[in-house]
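*Asks:* build the 3D model from these lines:
(one chain, ligands or ions: 1)
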Amino acid sequence: MKLAPYIDHTLLKATATPADISRLCQEARDNAFYAVCVNPVYVAQARAELDGSGVKVATVCGFPLGAVTSGQKAVEARLSVEEGADEVDMVIHIGAVLAEDWDSVQADVRAVRQAIPEHVLKVIIETCYLDDEQKRGATEAAVAGGADFVKTSTGFGTGGATLDDVRLMREVIAGRAKIKAAGGVRSAADARAMIEAGADRLGTSGGVALVAEDGMAGEQSGEGY
Ligand SMILES: O=C[C@H](O)COP(=O)(O)O
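*Replies:* Model (predicted):
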């Protein structure tokens with residue numbers, strides 16, 4: 001099983017330059033990653049540079065805190081798809097999750113869902129700030145709000161994806177949506193374990209090294225990856 005088709009090749013740092021984005025897009029082409037994941041300001045550049053490559057363009061919304069109104073998230077998401085984004089990774093209203101205001105959490109997701117009905121919506125629940133019950137509630141609210149994927153982390157919180165969290169989310173989702181594991185996925189072993197636990201997509205800024213390591217392991221073992 002090749003890892004590249006699972007990977008959103010990600011560069012979301014504030015310090016990313018247009019040259020960095022060009023390099024990210026070339027790496028995505030060279031490695032046949034599923035998508036790049038960039039901030040909204042770079043969606044148009046990534047779209048243009050990936051034209052004809054088959055590599056998708058994902059962006060973020062309400063990122064990284066989730067602490068903007070649902071209306072602001074809806075406008076941001078709509079503008080991003082108009083710029084050429086295929087997928088939007090929105091950050092949930094984390095404070096509403098901690099307050100266990102599930103109606104508000106679902107409405108936040110639904111507002112973005114309705115703004116981009118034809119595009120892939122991933123909902124970041126930022127597991128590092130939640131206890132298990134809150135993870136379950138946030139996952140359920142994301143699915144009920146129309147998420148295509150539920151995503152573990154922004155990569156900017158106090159922690160990233162864990163196998164236990166992916167398994168918990170998989171149990172709650174029960175096939176109604178997909179899972180993206182993101183944040184701290186650095187090795188081929190991490191990646192394979194996340195997929196085994198239930199991840200359908202991986203968000204990582206370390207994809208090039210990860211697939212290179214995996215390829216070397218495949219050569220050494222003689223197994224085709
Ligand atoms: O998917 C989004 C994350 O920012 C990727 O996290 P990472 O930089 O720890 O790989």
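*Asks:* going forward, measure contacts between C-alpha atoms and count neighbours the same way
*Replies:* Noted.
*Asks:* who are the packing partners of the worst-scoring helix or strand of the chain on mean pLDDT?
*Replies:* Scoring the helices and strands of the chain by mean pLDDT, DSSP states H and E places helix 207-221 at the bottom, with a mean of 83. In terms of contacts (3 or more CA pairs under 8 Å, 6 or more residues apart in numbering; DSSP states H and E), helix 207-221 is packed against helix 188-197.
*Asks:* between the helix it packs on and helix 207-221, how many degrees?
*Replies:* Between helix 188-197 and helix 207-221, the angle formed by their directions is 90 degrees, by axes from the mean of the first three to the mean of the last three CA atoms, to 10 degrees.
*Asks:* helix 188-197 vs the ligand: in contact?
*Replies:* No: residues of helix 188-197 are not located near the ligand by CA under 6 Å from any ligand atom, the shortest gap being 11.1 Å.
*Asks:* so, low pLDDT: which residues of this protein?
*Replies:* 218-219, 221-225 (pLDDT under 70).
*Asks:* what does it put close to the ligand?
*Replies:* Those residues of the chain that sit near the ligand, judged by CA under 6 Å from any ligand atom, are 10, 154-155, 182-185, 203-206.
*Asks:* among those residues, the buried ones, what's the ChimeraX command?
*Replies:* When burial is assessed using 16 or more other CA atoms under 10 Å, the buried subset of the residues of the chain next to the ligand is captured in ChimeraX by this command:
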select :10,154,155,182,183,184,185,203,204,205,206
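*Asks:* what about the helices in this protein?
*Replies:* With DSSP state H as the definition, the chain shows helices at residue ranges 18-31, 43-49, 70-83, 94-98, 102-115, 132-144, 163-173, 188-197, 207-221.
*Asks:* deepest of those, which one?
*Replies:* Ranked by mean neighbour count under mean count of other CA atoms under 10 Å, those are led by helix 132-144, which reaches a mean of 22.
*Asks:* now that one against helix 102-115, angle please.
*Replies:* For the pair helix 132-144 and helix 102-115, the angle between their directions (the same axes, to 10 degrees) equals 30 degrees.
*Asks:* same for helix 132-144, what does it pack against?
*Replies:* On a contact count with 3+ CA pairs under 8 Å, 6+ apart, helix 132-144 meets helix 94-98, helix 102-115, strand 149-151, helix 163-173.
*Asks:* keeping just the C-alphas, turn that helix into CSV.
*Replies:* Once non-C-alpha atoms are left out, helix 132-144 reads as follows in CSV (Å, rounded to 0.1, in the frame of the first residue of the first chain):
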residue,chain,number,x,y,z
ASP,A,132,-13.0,11.7,25.5
GLU,A,133,-16.6,12.7,25.9
GLN,A,134,-16.0,16.1,24.3
LYS,A,135,-14.2,14.3,21.4
ARG,A,136,-17.2,12.1,20.9
GLY,A,137,-19.6,15.0,21.1
ALA,A,138,-17.6,17.1,18.7
THR,A,139,-17.2,14.2,16.2
GLU,A,140,-21.0,13.5,16.3
ALA,A,141,-21.8,17.2,15.9
ALA,A,142,-19.4,17.5,12.9
VAL,A,143,-21.0,14.5,11.2
ALA,A,144,-24.5,15.8,12.0
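*Asks:* tell me the angle of that helix relative to helix 163-173?
*Replies:* When the same axes, to 10 degrees is applied, the directions of helix 132-144 and helix 163-173 differ by 50 degrees.
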